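Enquirer: what follows is a predicted protein model with its sequence.
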Amino acid sequence: MLIALNELQFYKNFDELAKDILEMAKETMPDRLIYLTSFTRKQQIILKLSETNVNIGINEGMVIEINETVCNRIDFENNAPLVFEDMSREAKLDDLRQALVAANINSYLGIPIILSNGDTFGTLCAVHTNVKKISKKSITMLQRIAKLFSYYLDLERLAYRDSLTGLYNRQFLYKYFEESSTTGGALLFLDLDGFKKINDLYGHETGDLVLREVALRLENFVQLLQGFAVRLGGDEFVINLVDLTSREEISKLADFLLSRLSTWDTQLEAFNLSVSIGIVLYPAGENNLLKVLLKNADNALYRAKANGKNGYQFF
């Protein structure tokens, strides 16, 4: 599960540490522009630059489609650096030639930043406008610096992630609403129907597998939208959808979730495992209190269960 930008803003001293990382890399390769990036499933975001370089077309906050970046060619699976000393001679980069000329980049070193669970965070990169040799020593040093940065990311990530499922936790949800309470949207409160029977008959190990599978399905669901999924605890989950307040559209999404979370293999099918959902909308421009929203969503969830489960109700 990738680290989203709205998570990074809550990390302690992120800007300061990113600056230190870039300065260490700059000491190793003083003639290069060094920068940090992060990935989403579809895009690469330029997070921080070692300095402003008017000769290179890269800026902080720049968003690039993932298939249009050199960094996408890195072998993340094997955590291997990508080295191009003279990009003008690389036929494999012909599809990116126009972008490289526009950015005025001809020498590139890309170091993958991988979290301890194997997830990709992004890259630590060093570029130059001219053909430049890249020593093995420089590559090794930037790999060590990227590894140090990944340790920091892992520590911060633990504070805001549920240890079982990898979804965001209650602390992240509260932190988000402290910072973004005036952003409108919808809160979906989910509770699994029939989950207790699975724990009672198959044990908590099987129950944990079910929770992980639910989390994976929720994560895949929110990847298509602007929002995020949270495990509150037990078999309770929350989905926060940002800038989406159309009851008709949310109803369609709720129907999709009901279908997605009521289809299981033959072992679990007999338990009629499904989900009930309580939905509360909250307007933009107001100080929306999470405690109130959760209480209202919980009331709607109670009514959904009272109406026969495997359904949803708006507050």
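Expert: Thanks, I have the structure now. Numbers count the residues shown, from 1 in each chain.
Enquirer: give me every residue that touches residue 293.
Expert: Applying Cβ atoms under 8 Å, 6 or more residues apart in numbering, we find residue 293 in contact with 177, 187, 280, 282. Quick note: C-beta positions are derived from backbone N, CA and C, even for glycine.
Enquirer: if you set the cut-off to 7 Å instead, what comes out?
Expert: Neighbouring residues of residue 293 by Cβ atoms under 7 Å, 6 or more residues apart in numbering: 187, 280, 282.
Enquirer: the first one touches residue 238, doesn't it?
Expert: Yes: in this structure, residue 187 is within contact of residue 238 by Cβ atoms under 7 Å, at 6.3 Å.
Enquirer: which among the contacts of residue 293 end up buried?
Expert: Among the contacts of residue 293, those buried by neighbour count (16 or more other Cβ atoms under 10 Å) are 187, 280, 282.
Enquirer: per-residue pLDDT of residue 6, please?
Expert: pLDDT for residue 6: 69.
Enquirer: equivalent analysis for the one 5 residues further on, please.
Expert: According to the prediction, residue 11 has pLDDT 83.
Enquirer: what about it, which SS state?
Expert: Secondary structure state of residue 11, per DSSP: H, G, I helix; E, B strand; the rest coil, is coil.
Enquirer: check contacts around it.
Expert: Contacts for residue 11 (Cβ under 7 Å, 6+ apart) come out as residue 156.
Enquirer: and it, how far is that from residue 225?
Expert: With distances taken as Cβ to Cβ, to the nearest Å, residue 11 is found 23 Å from residue 225.
Enquirer: how about the helices in the chain?
Expert: 5-8, 14-28, 97-103, 136-160, 170-180, 195-202, 204-223, 247-260, 266-269, 290-306 (DSSP state H).
Enquirer: by mean pLDDT, show me the worst of those helices.
Expert: helix 266-269 - the lowest mean pLDDT of the helices of the chain, at a mean of 60.
Enquirer: isn't residue 290 right up against residue 176?
Expert: No: Residue 290 is not in contact with residue 176 according to Cβ under 7 Å; the separation is 8.4 Å.
Enquirer: for stretch 124-143, which positions count as buried?
Expert: Residues of stretch 124-143 classed as buried: 124, 125, 126, 127, 128, 132, 134, 138, 139, 141, 142, 143 (neighbour count, 16+ other Cβ under 10 Å).
Enquirer: partners of the third one in the sheet?
Expert: Just to be clear, that refers to residue 126. On the basis of DSSP bridges, residue 126 takes part in beta bridges with residue 34, residue 109.
Enquirer: quick check: it touching residue 109?
Expert: Yes: here residue 126 reaches residue 109: they are 4.4 Å apart, a contact under Cβ under 7 Å.
Enquirer: what do these two both touch?
Expert: residue 142.
Enquirer: hang on, the earlier thing: export the helices of the chain to JSON lines and tack on distance to residue 52?
Expert: JSON lines is the format used below for those (distance: least, Cβ to Cβ, whole Å):
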{"stretch": "helix 5-8", "distance to residue 52": "21"}
{"stretch": "helix 14-28", "distance to residue 52": "12"}
{"stretch": "helix 97-103", "distance to residue 52": "14"}
{"stretch": "helix 136-160", "distance to residue 52": "21"}
{"stretch": "helix 170-180", "distance to residue 52": "28"}
{"stretch": "helix 195-202", "distance to residue 52": "53"}
{"stretch": "helix 204-223", "distance to residue 52": "33"}
{"stretch": "helix 247-260", "distance to residue 52": "42"}
{"stretch": "helix 266-269", "distance to residue 52": "56"}
{"stretch": "helix 290-306", "distance to residue 52": "39"}
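Enquirer: quick one: end-to-end length of stretch 70-85, please.
Expert: Stretch 70-85 has an end-to-end distance of 13 Å (criterion: Cα to Cα, to the nearest Å).
Enquirer: near residue 200, how many other residues are there?
Expert: A count of nearby residues for residue 200, using other Cβ atoms under 10 Å, gives 10.
Enquirer: over to residue 210?
Expert: Residues lying near residue 210 (other Cβ under 10 Å) number 19.
Enquirer: distance of it relative to residue 195?
Expert: 7 Å.
Enquirer: on that earlier part again, show me which of residue 290 and residue 176 is the more surrounded one.
Expert: Neighbour totals were compared for residue 290 and residue 176, and residue 176 leads with 22 against 19 (other Cβ under 10 Å).
Enquirer: check the gap between that one and residue 187 for me.
Expert: Taken as Cβ to Cβ, the span from residue 176 to residue 187 is 11 Å.
Enquirer: run a quick neighbour tally on residue 16.
Expert: Residues contacting residue 16 under the criterion other Cβ under 10 Å number 9.
Enquirer: ok, now which ones touch it?
Expert: Residue 16 neighbours (Cβ under 7 Å, 6+ apart): none.
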